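below is the sequence, then the predicted model.
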Amino acid sequence: MVQALRRLPSPRLTGLGAGLFASAAMLVVGFLDWLVLDGSPLAFGLLFLPVSALTALWVRPADLVTAPIAVPIAFAVGVVPIAGGTGGFGGQAMAVVTALAVHAGWLYGGTLIAGVIASVRKVRDMGRRRGRPAPAGPSAPARAERAPRAGAAGPVRGGGQPPVRGGGQAPGRGAQAPGRDRRPTP
């Protein structure tokens with residue numbers, strides 16, 4: 001069984017891709033449920049759970065937080081065909097809201113599945129990163145010993161006094177000739 005699962009594809013979807021996958025899959029499930037089973041909420045809810053799991057499994061590690069956010073949106077998209085609203089946009093919108101309220105258990109269950117899978121994946125990823133050696137490059141103490149950037153506040157090398165900030169000349173003006181009074185600028 002484990003070998004069969006390892007042979008399955010392991011795509012890595014972005015956050016947007018995971019949301020689009022889940023929404024498209026649930027829309028297809030909703031239409032098929034409406035056509036074949038006359039809008040059975042049990043079948044829709046049962047098929048929502050594996051879509052939630054696949055969404056959380058197939059999202060990239062950098063976008064794991066999007067899986068529990070994308071699956072409730074996908075549920076709302078997919079429930080539109082089976083909501084059964086009549087009477088134009090208002091009737092359809094009211095039927096979708098009612099269906100979301102009535103089938104909240106499936107919605108919470110799928111969101112919980114996606115959240116748990118994403119959390120476990122994140123914890124495992126953090127554990128793997130902790131076990132890796134530090135990336136090559138200057139170490140932290142070596143970085144602290146580097147010379148400060150030009151213009152950065154800090155001690156002046158060479159024994160001189162640090163520049164006075166706030167006093168002196170206006171930016172962009174050259175030094176004034178000795179003996180000339182400074183006039184305030186309007």
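On my side now, so go ahead. Numbers count the residues shown, from 1 in each chain.

the closest residue to residue 51 other than its chain neighbours - how many residues pack around it?
Nearest non-adjacent residue to residue 51, counting by CB to CB, 6 or more residues apart in numbering: residue 25, 4.9 Å away. All C-beta atoms are positioned from the backbone trio N, CA, C, and that covers glycine. For residue 25, the neighbour count with other CB atoms under 10 Å is 20.

in the helix or strand containing residue 25, what's buried?
In this assignment (DSSP states H and E), residue 25 forms part of helix 15-36. Under the neighbour-count criterion of 16 or more other CB atoms under 10 Å, helix 15-36 has 15, 17-19, 21-23, 25-27, 29-30, 33-34 buried.

downstream of that helix, the next helix or strand is which one?
helix 41-58.

give the contact list for the residue nearest to residue 51.
51, 54, 74, 78 (CB atoms under 8 Å, 6 or more residues apart in numbering).

run through this protein and note the low-pLDDT ranges.
Applying pLDDT under 70 to the chain flags the ranges 1-2, 4-6, 8-10, 132-186.

please repeat the previous calculation with a cut-off of 90.
Applying pLDDT under 90 to the chain picks out residues 1-19, 21, 30-31, 33-45, 54-68, 79-107, 118, 121-186.

mind listing the helices for it?
Taking DSSP state H, the helices of the chain run over residues 2-6, 15-36, 41-58, 67-83, 88-102, 104-131, 140-144.

taking those helices together, which one is wrapped up most tightly?
Mean neighbours per residue, mean count of other CB atoms under 10 Å, is largest over the helices of the chain for helix 67-83, with a mean of 22.

C-alpha coordinates for that helix, PDB please?
The C-alpha coordinates for helix 67-83 follow below in PDB (Å, rounded to 0.1, in the frame of the first residue of the first chain):
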ATOM      1  CA  ALA A  67      -4.200  25.200   2.200                       C
ATOM      2  CA  PRO A  68      -6.600  25.700   5.200                       C
ATOM      3  CA  ILE A  69      -7.600  29.000   3.700                       C
ATOM      4  CA  ALA A  70      -8.300  27.700   0.100                       C
ATOM      5  CA  VAL A  71     -10.400  24.700   1.000                       C
ATOM      6  CA  PRO A  72     -13.400  26.600   2.600                       C
ATOM      7  CA  ILE A  73     -13.400  28.900  -0.500                       C
ATOM      8  CA  ALA A  74     -13.400  25.800  -2.700                       C
ATOM      9  CA  PHE A  75     -16.300  24.400  -0.700                       C
ATOM     10  CA  ALA A  76     -18.300  27.600  -1.200                       C
ATOM     11  CA  VAL A  77     -17.500  27.500  -5.000                       C
ATOM     12  CA  GLY A  78     -18.500  23.800  -5.200                       C
ATOM     13  CA  VAL A  79     -21.800  24.100  -3.300                       C
ATOM     14  CA  VAL A  80     -23.200  26.500  -5.900                       C
ATOM     15  CA  PRO A  81     -24.500  23.800  -8.200                       C
ATOM     16  CA  ILE A  82     -26.100  21.700  -5.500                       C
ATOM     17  CA  ALA A  83     -27.600  24.600  -3.500                       C
END
